[in-house]
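Asks: Here is a sequence with its predicted model. Questions after.
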Amino acid sequence: MGETLNAMWQRLSLQHELQLSPWQWVLLGALVALLVLPRPAWRLTGMYSTLVHELGHVVLALFTGRFVTGLRLGWDHSGEVVSRGRGKASVIISGVAGYPAPLWCSAGLLAATAAGYPGLALGAYAILFCLALVFARNLAALLVCVASAALALGIVFFAPVDMFVYVALLLSGFLLVAGARDCLKLLAVHTWRRQDVRQSDAYLIGASTGTFSGIWLLVILTLAGSGLWLAVRSLILLI
């Protein structure tokens with residue numbers, strides 16, 4: 001077991017020098033667009049983005065001392081994390097973490113890739129999805145968690161080491177565009193699509209803390225914008 005873990009660590013910690021041609025960047029960009037922009041594709045890949053969103057709530061809830069009892073996903077890209085704990089601070093911290101989560105994951109993957117360690121980033125990402133399996137409480141959540149964990153672990157254990165860079169870039173690009181898309185949707189819900197506002201994280205935080213949802217909308221968008229800026233900065237360095 002020890003030898004296996006040591007071999008896996010060596011495999012993941014190999015340093016990679018990024019040397020992509022302009023055509024390779026164009027191909028990666030096209031693949032990201034195909035995963036996010038067409039509605040039929042987004043119906044499937046959006047579930048993955050929703051899972052990352054909900055895992056943002058889960059991770060921050062755990063770090064603030066809350067007890068997470070379940071994670072549920074809907075096929076309409078809705079999601080719910082149920083947790084217990086005391087104090088409004090933990091509700092706020094875990095509540096604002098959902099929408100920024102894909103963008104911050106993208107920033108982390110891009111930063112690790114720019115530093116030459118995409119394998120380590122993918123390994124950490126695989127652990128995150130294994131964690132998700134513990135909290136899945138309905139069929140949609142279970143299927144998406146199993147598929148995401150299996151894909152992440154398959155890449156970590158079986159993909160050629162030289163592919164780590166391309167996988168990390170494709171995944172980070174997807175999360176970058178998907179995260180930005182979801183933030184625009186959140187903004188729309190608080191402006192011209194207010195019939196859906198009760199599903200907004202900002203609204204839910206405001207309702208549970210007796211404050212204005214607009215405050216938490218600004219906080220969420222600021223955190224998401226910070227993740228977007230960091231991701232774009234790393235991407236520019238890579239190009």
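Replies: Sure, I can see it. Because the structure is a prediction, the values reported are computed rather than measured.
Asks: Do a quick rundown of the helices in the protein.
Replies: 2-12, 22-36, 39-63, 88-95, 100-115, 118-135, 139-158, 164-189, 201-209, 213-238 (DSSP state H).
Asks: Can you get me a residue count around the residue nearest to G29 when sequence neighbours are not counted?
Replies: Spatial nearest neighbour of G29, chain neighbours left out: G173 (7.0 Å); criterion: C-beta to C-beta, 6 or more residues apart in numbering. (Each C-beta comes from the backbone N, C-alpha and C, glycine too.) Neighbour count of G173, defined by other C-beta atoms under 10 Å: 23.
Asks: Count the residues that sit near V134.
Replies: 10.
Asks: do the one 10 residues further on as well
Replies: Residues near V144, counting by other C-beta under 10 Å, number 23.
Asks: rewinding a little: mean pLDDT and distance to Q195 added to the helices of the chain, as a markdown table?
Replies: Shown next, in a markdown table, are the helices of the chain (pLDDT from 0 to 100; distance: least, C-beta to C-beta, whole Å):
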| stretch | mean pLDDT | distance to Q195 |
| --- | --- | --- |
| helix 2-12 | 66 | 46 |
| helix 22-36 | 93 | 25 |
| helix 39-63 | 93 | 20 |
| helix 88-95 | 90 | 21 |
| helix 100-115 | 93 | 25 |
| helix 118-135 | 87 | 30 |
| helix 139-158 | 87 | 23 |
| helix 164-189 | 93 | 9 |
| helix 201-209 | 89 | 12 |
| helix 213-238 | 92 | 15 |
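Asks: So which of those helices is the most surrounded?
Replies: Most buried of the helices of the chain by mean neighbour count (mean count of other C-beta atoms under 10 Å) is helix 100-115; its value is a mean of 24.
Asks: So which residues make contact with that one?
Replies: Applying C-beta atoms under 8 Å, 6 or more residues apart in numbering, the contact partners of helix 100-115 are 16, 18, 49, 52-53, 55-57, 59, 118, 120-122, 124-125, 165, 168-169, 171-173, 175-176, 178-180, 182-183, 220, 223-224, 226-228, 230-231, 234-235, 237-238.
Asks: cutoff 6 Å now
Replies: Under the contact criterion C-beta atoms under 6 Å, 6 or more residues apart in numbering, helix 100-115 has outside partners 49, 52-53, 56, 118, 121, 168, 172, 175-176, 178-179, 223-224, 227-228, 230-231, 234-235, 237-238.
Asks: Over to stretch 88-99?
Replies: 53, 56-57, 60-61, 64, 66, 182-183, 186, 201, 205, 208-209, 219-220, 224.
Asks: Now with 8 Å, please.
Replies: Stretch 88-99 is contacted from outside by 53-54, 56-57, 59-61, 63-66, 79, 81, 83, 85, 179, 182-183, 186, 201, 204-205, 208-209, 216, 219-221, 223-224, using C-beta under 8 Å, 6+ apart.
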